[in-house]
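S.K.: Below are the sequence and a predicted model; questions follow.
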Amino acid sequence: MSRHVKTSAKVAAWGEGGDELLFVPLGGVGEIGMNVYLYGMSGRWMMVDLGLTFPDERLPGVEIVLPDIGFAEGLGDDLEGLVLTHAHEDHLGAMPHLWPRLKCPIWCTPFTAAVLRRKLAEEGVDVRNLIHVVGDGESFKVGPFECRFIHVTHSIPEAAALVIDTPYGKIFHSGDWKLDPMPMVGPKTDAQALAKLGSEKVLAMLCDSTNILAPGTSGSEAEVRDSLIALMKTLPNRIVFTTFASNIARLETAIIAGHRAGREVCVVGRSMRRMLEAAKEVGYLKDLPPLVDERDAGSLPRNKVFYLTTGSQGESRAALSRIATGQHPRVRLEPGDTAIFSSKIIPGNERVLYNLHNMLVTAGVEVITEEDHFIHVSGHPCRDEVEQMYKWVRPRIAVPIHGEARHLAAHGRLALKMGVEQALVIRNGDMVQLAPGPAAVVDEVPVGRRVKESMELVDAEDELFRQRRRLSSHGTIFVSIVLDGFGSVLTAPLLTGLGVVDADRFERLRPRLGESITRAVEQLDDRLVMDDGRVADTVRATVRQGLDLARERRPLIEVQLTRLTQDVLDQLEEETAVR
């Protein structure tokens with residue numbers, strides 16, 4: 001396992017008419033989420049997935065985070081198409097926001113297509129006839145790449161691994177997957193197709209690393225169904241059940257468990273309803289019992305109601321958060337009701353989700369998570385399952401993807417243990433030459449994160465978010481100061497503080513701070529006092545010194561500087577005399 005030194009070659013030169021087989025992750029490597037991958041050969045390129053991720057505390061006021069796809073945009077017509085492995089947000093969630101910048105053809109399975117069309121229609125994005133629907137085992141061509149899907153089980157229907165035929169051998173891009181002996185919705189992972197693939201020449205496997213640190217296997221959806229049915233029969237009053245809206249098998253499990261517990265099931269949340277509609281459109285969930293409307297559920301006895309809601313990650317605009325804060329127009333919870341969270345916490349969401357749990361508990365609602373009962377299994381493979389995949393596929397090269405740095409490193413070590421010749425641990429933006437010759441990082445491309453502010457995409461490192469972080473963590477002080485035409489302070493500076501120190505202390509400090517500001521400004525020489533920027537810097541430095549805060553506390557200090565000319569002062573004096 002190694003990390004190769006990047007060269008200084010120009011990225012644009014790679015693949016232009018040459019025969020290099022290249023792989024470039026724009027997202028999804030060194031992180032869980034925001035999966036965007038590129039394969040290049042003979043000057044032509046194919047993208048696999050275009051996902052988003054969710055913000056942490058470093059991006060206050062942001063709801064979604066998008067990849068910087070500037071490199072892909074720059075490929076122009078050399079980008080032949082986009083293949084979507086499945087319909088999770090971290091694999092296709094960026095499509096409404098970023099696909100219009102690419103406008104390339106799309107290949108995906110029927111369920112993924114049904115979800116995608118609804119998502120794009122909601123955002124007013126017209127794809128016309130650019131979505132090509134393909135089934136498992138069906139061959140399709142994206143530029144120079146001969147491709148086909150192999151069905152794998154995941155926590156969503158029709159997840160697909162991608163096989164790419166090249167002159168150097170086959171590439172196996174696993175997508176998200178697991179081995180489930182009874183997945184409940186859809187077939188099991190196609191072990192026969194994977195074993196057959198392994199008997200052919202597999203050059204490289206790019207494989208899911210999410211649960212590589214967890215020994216054993218990920219468990220079966222059938223076991224979760226049995227456990228949930230037993231649990232719900234014991235609960236009094238209302239039940240609110242939340243999980244990922246895209247986990248169709250879990251939604252089916254919840255609906256069946258609710259009915260077997262003698263309850264009417266009501267779905268709350270637009271994305272969950274959209275997923276159920278997409279599943280029914282392509283032939284899933286045919287025999288589900290009927291659902292009730294939100295307006296009718298409110299009049300049912302408490303022990304007959306089962307709400308199936310969005311918001312398993314504490315999203316502020318999702319149904320469960322609005323219910324917990326009393327902002328939902330039709331759904332109310334009372335002491336003695338129960339909320340079941342049938343999902344894992346996405347890394348980075350812990351604080352938000354624990355706040356939601358605490359809010360519910362404070363309201364008298366019992367909260368049940370996977371730590372309390374067996375109500376969830378992961379959609380990603382644990383270590384034993386990854387070992388089995390290597391036994392089937394037998395690649396020469398392993399490139400771990402879909403994981404944080406610690407997951408990728410552990411996956412690389414496991415791949416070598418399983419007999420792989422070369423394991424390459426990389427980062428987003430690394431340009432990997434898979435062939436000819438040994439796999440190596442040969443260059444890098446720009447990568448980053450973008451967020452949507454109003455209708456524009458803004459860099460996640462923009463000053464806007466640095467200011468928001470300082471406001472949320474350190475507070476802000478506004479200072480208003482008025483000078484005459486010669487730079488003398490005319491009135492005592494006006495100071496307003498928010499979130500810096502407690503209000504009583506700030507009131508005590510205010511007069512002294514004002515005097516210090518006046519003294520510091522009037523001590524500036526004649527040239528500097530006429531420079532607005534230097535005056536503002538002097539005011540900020542004086543305020544920080546006067547507050548005597550710890551070094552790591554750096555409140556945002558905004559200075560409003562007004563200069564009054566002699567004419568204006570004379571006019572004010574005349575108006576005062578008249579009054």
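M.R.: Nice, thanks for sending it over.
S.K.: Ile171 bridge partners, please.
M.R.: Ile164, Ala204 (DSSP bridges).
S.K.: my guess is it meets Ala204, correct?
M.R.: Yes: with contact defined as Cβ atoms under 8 Å, Ile171 counts as touching Ala204 (5.4 Å). All C-beta atoms are positioned from the backbone trio N, CA, C, and that covers glycine.
S.K.: Overlap in contacts, these two.
M.R.: Common contacts of Ile171 and Ala204 (Cβ atoms under 8 Å, 6 or more residues apart in numbering): Leu434.
S.K.: and the chain, what are its domains?
M.R.: Using automatic domain parsing, the domain parsing of the chain gives 11-216+379-459, 221-368, 475-578.
S.K.: now the last one: how far from the chain's centre is it?
M.R.: Looking back up the chat, that one is domain 475-578. Centroid displacement of domain 475-578 relative to its chain, using Cα atoms, centre = their mean, to the nearest Å, is 42 Å.
S.K.: Show me where the stretch 451-579 of the chain has its helices.
M.R.: 463-474, 503-522, 532-547, 566-578 (DSSP state H, counting those that start in this stretch).
S.K.: Report pLDDT for Asp56.
M.R.: Note for Asp56: predicted pLDDT of 58.
S.K.: cool, the one 5 residues further on as well?
M.R.: As predicted, Gly61 sits at a pLDDT of 52.
S.K.: So, low pLDDT: which residues of the stretch 51-200 of the chain?
M.R.: 55-63 (pLDDT under 70).
S.K.: right, I mislabeled it, should have said the stretch 451-579 of the chain
M.R.: Scanning the stretch 451-579 of the chain for pLDDT under 70 picks out 452-474, 550-553, 565-579.
S.K.: Can you verify my assumption that Leu235 contacts Val365?
M.R.: No: using Cβ under 8 Å, Leu235 is not in contact with Val365; the gap is 11.5 Å.
S.K.: ok, those two, which is more surrounded?
M.R.: Val365 (21 against 18; other Cβ atoms under 10 Å).
S.K.: And that one, how close does it get to Ile323?
M.R.: Val365 sits 10 Å away from Ile323, going by Cβ to Cβ, to the nearest Å.
S.K.: ditto for Glu507
M.R.: Glu507 is 40 Å from Ile323, by Cβ to Cβ.
S.K.: Give me the more crowded residue out of these two.
M.R.: A direct count of neighbours by other Cβ under 10 Å for Glu507 and Ile323 places Ile323 higher, at 24 against 11.
S.K.: ok, now which ones touch that one?
M.R.: Here Ile323 is in contact with 240, 268, 307, 309, 311, 331-333 (Cβ under 8 Å, 6+ apart).
S.K.: before we move on, what about Glu221?
M.R.: 180, 182-185, 249-250, 253, 377.
S.K.: Only the buried subset of those residues, as a PyMOL command please.
M.R.: Selecting only the buried entries of those in PyMOL, with 16 or more other Cβ atoms under 10 Å as the criterion:
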select buried, resi 180+183+184+185+249+250+253+377
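S.K.: neighbours around Cys147, how many?
M.R.: There are 22 residues near Cys147, going by other Cβ under 10 Å.
S.K.: now swap in the one 4 residues further on and tell me
M.R.: Around His151 sit 22 other residues, with neighbours defined as other Cβ under 10 Å.
S.K.: wait, doesn't Pro96 sit right on Ala121?
M.R.: No: using Cβ under 8 Å as the test, Pro96 is too far from Ala121 to be in contact (9.3 Å).
S.K.: between these two, who's got more neighbours?
M.R.: Ranked by neighbour count (other Cβ under 10 Å), Pro96 and Ala121 place Pro96 first, with 17 against 12.
S.K.: The more buried one - nearest residue in space that isn't next to it in sequence?
M.R.: Distances taken as Cβ to Cβ, 6 or more residues apart in numbering put Glu123 closest to Pro96, at 3.8 Å, once the chain neighbours are dropped.
S.K.: any idea how far that neighbour is from Pro446?
M.R.: Taking Cβ to Cβ, one finds Glu123 at 26 Å from Pro446.
S.K.: and what of Ala415?
M.R.: 28 Å.
S.K.: Could you check which of these two is surrounded by more residues?
M.R.: More neighbours surround Ala415 than the other of Ala415 and Pro446, with 27 against 12 (other Cβ under 10 Å).
S.K.: Wait, that one touches Ala423, no?
M.R.: Yes: the pair Ala415 and Ala423 passes the contact test of Cβ under 8 Å, sitting 4.3 Å apart.
S.K.: now what about the helix or strand encompassing Gln192, what contacts it?
M.R.: Taking DSSP states H and E as the criterion, Gln192 maps to helix 191-198. Outside helix 191-198, the residues within contact range by Cβ under 8 Å, 6+ apart are 136-137, 150-151, 161, 163, 170, 172, 179, 389, 391-394.
S.K.: cutoff 7 Å now
M.R.: For helix 191-198, contacts defined as Cβ atoms under 7 Å, 6 or more residues apart in numbering pick out 150, 163, 170, 172, 392-394.
S.K.: do the same with stretch 403-419
M.R.: For stretch 403-419, using Cβ under 7 Å, 6+ apart, the contacting residues are 1, 30-32, 209-210, 212-213, 383, 386-387, 390, 398, 400, 423, 425.
S.K.: let's go with 8 Å and repeat that
M.R.: 1, 29-32, 207-210, 212-213, 347, 383, 386-387, 390-391, 394, 398, 400-401, 423-426.
S.K.: List the contacts of Val224.
M.R.: Contacts of Val224 by Cβ under 8 Å, 6+ apart are 250, 253, 342, 374-377.
S.K.: now Val134
M.R.: 107-109, 140, 149.
S.K.: Show me the two of those that sit farthest apart.
M.R.: Checked with Cβ to Cβ, the contacts of Val134 reach their widest spread between Thr109 and Phe140, with 11.4 Å between them.
S.K.: In terms of neighbours, single out the busier of these two.
M.R.: Thr109 (24 against 16).
S.K.: which residues touch that one?
M.R.: If you count contacts by Cβ under 8 Å, 6+ apart, then Thr109 has 86, 133-136, 149, 158, 160 around it.
S.K.: would you list every one of the strands in the stretch 151-300 of the chain?
M.R.: 160-166, 169-173, 202-208, 239-242, 264-268 (DSSP state E, counting those that start in this stretch).
S.K.: how about these in JSON lines, adding distance to Leu102 and mean neighbour count?
M.R.: Formatted as JSON lines, these follow (distance: least, Cβ to Cβ, whole Å; neighbours: other Cβ atoms under 10 Å):
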{"stretch": "strand 160-166", "distance to Leu102": "18", "mean neighbour count": "24"}
{"stretch": "strand 169-173", "distance to Leu102": "19", "mean neighbour count": "23"}
{"stretch": "strand 202-208", "distance to Leu102": "21", "mean neighbour count": "26"}
{"stretch": "strand 239-242", "distance to Leu102": "34", "mean neighbour count": "27"}
{"stretch": "strand 264-268", "distance to Leu102": "33", "mean neighbour count": "22"}
